[in-house]
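*Asks:* I would like the atomic coordinates for the input below:
(2 chains)
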Protein chains: 2
Amino acid sequence: MPADTPATPARRTRLTPERERELFTAVVDLVREQGYDALTMDAVAARTKSSKATLYRQWESKPKLVATALRHLADKIPTDVDTGSLVGDLRHMVDTFIDQATEDTALLNGLAHAVSKDEELWQALYELHIRPGLEALDTVLQRGIERGELSPDNPAKEFVPHLIFGAFSTRKLIENRTADAEYMQRYLTAVVFPALGVSDWPTA
Amino acid sequence: MPADTPATPARRTRLTPERERELFTAVVDLVREQGYDALTMDAVAARTKSSKATLYRQWESKPKLVATALRHLADKIPTDVDTGSLVGDLRHMVDTFIDQATEDTALLNGLAHAVSKDEELWQALYELHIRPGLEALDTVLQRGIERGELSPDNPAKEFVPHLIFGAFSTRKLIENRTADAEYMQRYLTAVVFPALGVSDWPTA
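*Replies:* Here you go, the predicted structure:
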């Protein structure tokens, strides 16, 4: 966008992309640390060395600022690697999720209550955190169908994202332990692969 | 406990059990509505028509008050009904969970961030919300093993609580929809039963 194009009418000043990114990163860090509900614009102003007036002028409100920050800091989308089998692809994908799972779980926990009441915030979280994972999983499952490993009408297929996303937060809740790579691989073997009707070893 | 037995040394006054229950109910309602992080002792005082001085004298701090409230308001433990099969028992149990799932999910969301940082609070949530469900599920699974329906070393067995608890919060997160009875029954059929190696229909 050329420098003389107005951004949005509400904005009176314009931040550099670097400064904006720095600010959005600080906002999302604060949500992880303190939780959304307890986050104040004072805390954002202090952490980012901005004035509250600037924050309100640019983003109007806390929900809008957090939603904008989420939209602009998209997850690294897991690299799609074709390992030659559905089992291999899912094992690989879960390993790449693990790398950002700790940060993501903190963010999800910090937003859990707020997104259940605020549709715009949920939408921003969905764009940031959920949709890239859903699309990556869908690619892997489609390839499994094309290879003939997975039946196109397998009823567990639609639940794979729920099973994988859910495992990260649920172990924390039930056991107060983090889902690590060993746990996730064991979970794939015990639950996800049997439900999909696939296995590590070729069946007779 | 006789009326003249001292409760704990820290307490200078004693509330009636009815008043205490009313107060704990209000605290847990506030966590559902506002989330733990945003909850203030002022809000608790206003809702319960108590003075903040009384609250601090009785419970010392917000985490202690919320933890105590959680411990004293245990979930109704799902009635254990023997339907004659593991599939029937799990279907029945999930239906009884549904009844309190909306309230429970709001509470879990309100506490998600705080319990990830506060061991005592997690422990109180575990006592209230998680342990009764784990014990009820364990009874049902054990009975399935005794009936010969479930192999004692089935690797999915340990994940059944994660799968069932997780489904409630994960659908909300991924689809922004509540997991209702129809969804949960479909999920049991598609995921949980195949992983456990059981089915609605007798296999040949």
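*Asks:* ok, now which ones touch the closest residue to A:A101 other than its chain neighbours?
*Replies:* The spatially closest residue to A:A101, leaving aside those adjacent along the chain, is A:F168, at 5.1 Å (C-beta to C-beta, 6 or more residues apart in numbering or on different chains). From N, CA and C alone the C-beta is placed, and that goes for glycine too. For A:F168, the contacting residues are A:97, A:101, A:104-105, A:179, by C-beta atoms under 8 Å, 6 or more residues apart in numbering or on different chains.
*Asks:* Return the helix or strand in chain A with minimum mean pLDDT.
*Replies:* helix A:86-115 (a mean of 86; mean pLDDT, DSSP states H and E).
*Asks:* following it, which helix or strand shows up next?
*Replies:* Helices and strands here follow DSSP states H and E; after helix A:86-115, the next one along the chain is helix A:119-125.
*Asks:* anything in that next one near chain B?
*Replies:* Yes: counting by C-beta under 8 Å from any C-beta of the partner chain, chain B is contacted by helix A:119-125 at A:119, A:122.
*Asks:* Now do the helix or strand that comes right after that helix against helix A:86-115, angle only.
*Replies:* The helix or strand immediately downstream of helix A:119-125 is helix A:131-146, counting by DSSP H and E. Counting by axes from the mean of the first three to the mean of the last three C-alpha atoms, to 10 degrees, helix A:131-146 points 150 degrees away from the direction of helix A:86-115.
*Asks:* where's helix A:131-146 relative to the chain centroid, distance-wise?
*Replies:* 16 Å (C-alpha atoms, centre = their mean, to the nearest Å).
*Asks:* what residue lies at the spatial centre of chain A?
*Replies:* A:H129 (1.9 Å; C-alpha atoms, centre = their mean).
*Asks:* Pretty sure that residue sits against A:D104.
*Replies:* Yes: counting by C-beta atoms under 8 Å, A:H129 touches A:D104, with 6.1 Å between them.
*Asks:* Looking at the contacts of A:F168, which is nearest B:A124?
*Replies:* Of all those, B:A124 sits closest to A:T105, with 20.5 Å by C-beta to C-beta.
*Asks:* Below-threshold pLDDT in chain A: ranges please.
*Replies:* Where chain A drops to pLDDT under 70, the residues are A:1-13, A:74-79, A:201-204.
*Asks:* Tabulate the contacts of A:F168 (a markdown table), appending neighbour count.
*Replies:* Below are those laid out as a markdown table (neighbours: other C-beta atoms under 10 Å in any protein chain shown):
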| residue | neighbour count |
| --- | --- |
| A:F97 | 22 |
| A:A101 | 21 |
| A:D104 | 20 |
| A:T105 | 19 |
| A:A179 | 24 |
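*Asks:* Among those residues, which one lies nearest to B:V81?
*Replies:* Distances from B:V81 to the contacts of A:F168, taken by C-beta to C-beta, are shortest for A:A179, at 32.1 Å.
*Asks:* Could you list the domains of chain A?
*Replies:* A:17-72, A:86-196 (automatic domain parsing).
*Asks:* for the first one, how far is the first residue from the last?
*Replies:* It refers to domain A:17-72. 11 Å (C-alpha to C-alpha, to the nearest Å).
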